[in-house]
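*Asks:* just need the structure, nothing else, for what follows:
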Amino acid sequence: MILVTGANSCIGEEVVRQLVMSGMRVKVFHDADDNLSHLRSISDQIDFFQGDILDVTDIYEAVSGVDGVFHCAVIDERTSATYEQRMKYNVEGTANVVNAMLYHQVPKIIFFSTLSALGAEPEKIADENTKSEKNEWTTEQALSFILAEREIWRGSAEGLQVSVINSAEVLSQDLKGSHLLAETVNSLKSGKPDIYPSDIYYVSLKDLIQLSLKIYHQGEWNKRWLAIGGSDTMLHFYQKVSQKYPSEWKPRIMKKSTVFFKVVKDFIISTFSGNNRSYRRVHGKRLMTGLKFDASQTTSAFDIRWTSLEDFLSGKQIN
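*Replies:* Residues are numbered from 1 along each chain as shown. The predicted model follows:
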């Protein structure tokens, strides 16, 4: 039996579906307020375990009796949360999972991380050998993933078989979800999306989960893998998406001055509204910088044919 955390996310949901389709029994660890109605059609093949990932008793009980874990329970960048909430949930929650696995001698875990956790720098290409470490382009969300990854690698040092997948932005056909395509379509509808000089790196949701299953079944452990289906300039990416989802829009090309005013505006709004900051200086700096990534080692190791943006938008799934 496989334990999946974070099944209410688009990644977690697809993990559950593809595990069930492959004939494996799945246990879903979920919070009391998670909406899991999307899993109703396959619920007879799932064991549901309600608990809090920050509650040691809950996660220790959930891990008991499983053969491996797909850890997807994280607060992503698109979810509003404070710095403290991200750190506590992403880092402490991951530590709890690792400790429970060590206690029950559950051997295998796959952790879904993000490209932003890699220590990418301008003029250098980040790949599977790049360390996850903090630098001047690291956002709060990325830092929480870096520290969560350290808990995973600690598990490896203590005997677990681990794999970390640093994923590009996820493309899902569900326009109501929290992912790249939904965000892009909503930006286009706004009429004046912000366009930065950095490239967008993307991967289809199904390709990402297929990679994770190949890692699990082929026994490729204690390694880092990159899930990148392709990349494009932000302007070209938006233009391609707008052909599929037409709307009247005019790009706002971001410059250093507009980034500065956007940071100030976000600070003022958050101060008077009490809402969490959503755009800090480091966000603008990262988006204005041409960070580069290469997943050729992952592509070669698993003989992957990634789904291009054009195929994804046309409904053609390679894998």
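
*Asks:* for the rest of this, base every contact and every neighbour count on C-alpha atoms.
*Replies:* Noted.

*Asks:* which residues in the stretch 51-200 of the chain form helices?
*Replies:* Defined through DSSP state H, counting those that start in this stretch, the helices belonging to the stretch 51-200 of the chain, from first to last, are 56-63, 83-86, 93-104, 140-157, 180-190.

*Asks:* let me have those helices in CSV, adding mean pLDDT, distance to Phe261 and mean neighbour count as columns.
*Replies:* Compiled in CSV, the helices of the stretch 51-200 of the chain are given as follows (pLDDT from 0 to 100; distance: least, Cα to Cα, whole Å; neighbours: other Cα atoms under 10 Å):
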stretch, mean pLDDT, distance to Phe261, mean neighbour count
helix 56-63, 96, 43, 19
helix 83-86, 88, 22, 15
helix 93-104, 97, 36, 22
helix 140-157, 96, 20, 22
helix 180-190, 91, 19, 18
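
*Asks:* relative to Ser212, which of those helices is closest?
*Replies:* Across those, the minimum distance to Ser212, taken as Cα to Cα, is reached by helix 140-157, at 15.6 Å.

*Asks:* from the contact counts, what lies against that closest one?
*Replies:* On a contact count with 3 or more Cα pairs under 8 Å, 6 or more residues apart in numbering; DSSP states H and E, helix 140-157 meets helix 83-86, helix 93-104, strand 108-114, strand 161-167.

*Asks:* the inter-axis angle of it versus strand 108-114?
*Replies:* Taking axes from the mean of the first three to the mean of the last three Cα atoms, to 10 degrees, one finds helix 140-157 and strand 108-114 inclined to each other by 160 degrees.

*Asks:* kindly export helix 140-157 (C-alpha atoms) in PDB.
*Replies:* Taking only C-alpha atoms (Å, rounded to 0.1, in the frame of the first residue of the first chain), the coordinates of helix 140-157 have been written out as PDB:
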ATOM      1  CA  GLU A 140      10.200  32.500   1.100                       C
ATOM      2  CA  GLN A 141       8.300  29.700  -0.600                       C
ATOM      3  CA  ALA A 142      11.500  28.400  -2.200                       C
ATOM      4  CA  LEU A 143      13.300  28.500   1.100                       C
ATOM      5  CA  SER A 144      10.600  26.400   2.800                       C
ATOM      6  CA  PHE A 145      11.100  23.800   0.000                       C
ATOM      7  CA  ILE A 146      14.900  23.900   0.500                       C
ATOM      8  CA  LEU A 147      14.500  23.200   4.200                       C
ATOM      9  CA  ALA A 148      11.900  20.500   3.500                       C
ATOM     10  CA  GLU A 149      14.300  18.800   1.100                       C
ATOM     11  CA  ARG A 150      16.900  18.700   3.800                       C
ATOM     12  CA  GLU A 151      14.600  16.700   5.900                       C
ATOM     13  CA  ILE A 152      14.200  14.300   3.000                       C
ATOM     14  CA  TRP A 153      18.000  13.900   2.500                       C
ATOM     15  CA  ARG A 154      18.300  13.500   6.300                       C
ATOM     16  CA  GLY A 155      16.000  10.500   5.900                       C
ATOM     17  CA  SER A 156      18.400   9.200   3.200                       C
ATOM     18  CA  ALA A 157      21.300   9.500   5.500                       C
END
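
*Asks:* and the contacts of that helix?
*Replies:* Under the criterion Cα atoms under 8 Å, 6 or more residues apart in numbering, residues 76-77, 83, 86-87, 90-92, 94-95, 98-99, 102, 111, 113-114, 116-118, 132-134, 161-162, 164, 222 lie in contact with helix 140-157.

*Asks:* can I get the buried part of those residues as one PyMOL selection?
*Replies:* Typed into PyMOL, the next command selects the buried ones out of the contacts of helix 140-157 (criterion: 16 or more other Cα atoms under 10 Å):
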select buried, resi 76+77+86+87+90+91+92+94+95+98+99+102+111+113+114+116+117+118+132+133+134+161+162+164+222
